[in-house]
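**Q** Here is my input, please return the structure:
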Amino acid sequence: MNRADPLYQRDPDAWRAHLAEGNAKQPRKRVGADALIHDSDGRILLVNPNYKPDWDLPGGMSDANEPPDATVRRELAEELGLDRSATPLSLLCIDWVAPHGPWDDSLMLIFDAGTLSPATISTLHIADGELEDFGFFTPDQARQRLRPYIWQRLQAALHARTTGHTAYLHDGNSTSGR
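**A** Numbers count the residues shown, from 1 in each chain. Have a look, this model is predicted:
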């Protein structure tokens with residue numbers, strides 16, 4: 001491309017076509033977004049999906065072109081009838097998960113979705129067919145229910161919530177010192 005006559009200025013339609021071609025060839029990543037929610041006693045909200053063997057944080061996979069914070073809000077509403085549309089969400093943890101089994105790599109995020117009042121907790125209910133149960137658990141109880149890599153991710157999110165520094169992990173492990 002001649003710098004004196006760049007394609008994006010000379011032919012905007014050709015430039016958009018060039019970008020679209022590049023976009024079509026680049027890899028796509030799956031993105032998952034979960035919520036860290038506490039009750040007034042500091043216990044952590046977990047859900048028990050019927051399609052997995054273990055408990056998990058509430059949340060799920062982003063739809064195409066959906067921002068991860070919108071994913072958290074959508075999943076909380078769909079699964080538990082919880083409206084967090086007015087709640088600011090802060091990013092606590094990003095975990096890059098390497099390809100495994102049939103899955104390509106992905107980015108898994110945890111957002112702080114705040115502390116629920118007893119009145120709000122009393123309105124929670126299983127709102128779709130994906131959950132068997134939900135509950136609030138101490139960190140030790142959560143560790144017993146979660147898969148080890150989810151527990152590592154949650155630990156990093158809890159630490160980030162305390163320090164105010166977002167955690168960046170690879171497969172559930174800290175990247176500091178790499």
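
**Q** Nearest the middle, which residue of this structure would you pick?
**A** Nearest to the mean C-alpha position of the chain, by CA atoms, centre = their mean, lies residue 33 at 1.4 Å.

**Q** What strand or helix carries it?
**A** strand 30-39 (DSSP states H and E).

**Q** next one: that strand to chain centre, how far?
**A** Relative to its parent chain, strand 30-39 has a centroid offset of 5 Å by CA atoms, centre = their mean, to the nearest Å.

**Q** Also stretch 139-148?
**A** The answer for stretch 139-148 is 18 Å, by CA atoms, centre = their mean.

**Q** same thing with stretch 115-135?
**A** 18 Å.

**Q** Pull out the C-alpha coordinates of that stretch and format them as PDB.
**A** Coordinates of the C-alpha atoms in stretch 115-135 are reproduced here as PDB (Å, rounded to 0.1, in the frame of the first residue of the first chain):
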ATOM      1  CA  THR A 115     -23.500  -8.200  47.600                       C
ATOM      2  CA  LEU A 116     -27.200  -9.200  47.800                       C
ATOM      3  CA  SER A 117     -29.500  -8.100  50.500                       C
ATOM      4  CA  PRO A 118     -31.600 -10.700  52.300                       C
ATOM      5  CA  ALA A 119     -34.700  -9.200  50.500                       C
ATOM      6  CA  THR A 120     -33.100  -9.700  47.100                       C
ATOM      7  CA  ILE A 121     -31.900 -13.200  48.000                       C
ATOM      8  CA  SER A 122     -35.500 -14.100  48.900                       C
ATOM      9  CA  THR A 123     -36.500 -13.400  45.300                       C
ATOM     10  CA  LEU A 124     -33.900 -15.700  43.700                       C
ATOM     11  CA  HIS A 125     -35.400 -18.700  42.000                       C
ATOM     12  CA  ILE A 126     -34.400 -21.200  39.300                       C
ATOM     13  CA  ALA A 127     -35.700 -19.500  36.200                       C
ATOM     14  CA  ASP A 128     -34.700 -22.000  33.500                       C
ATOM     15  CA  GLY A 129     -34.100 -25.700  33.000                       C
ATOM     16  CA  GLU A 130     -30.300 -25.500  33.300                       C
ATOM     17  CA  LEU A 131     -30.000 -25.400  37.100                       C
ATOM     18  CA  GLU A 132     -30.700 -28.000  39.800                       C
ATOM     19  CA  ASP A 133     -30.000 -25.800  42.700                       C
ATOM     20  CA  PHE A 134     -28.200 -22.700  44.000                       C
ATOM     21  CA  GLY A 135     -26.900 -21.500  47.400                       C
END
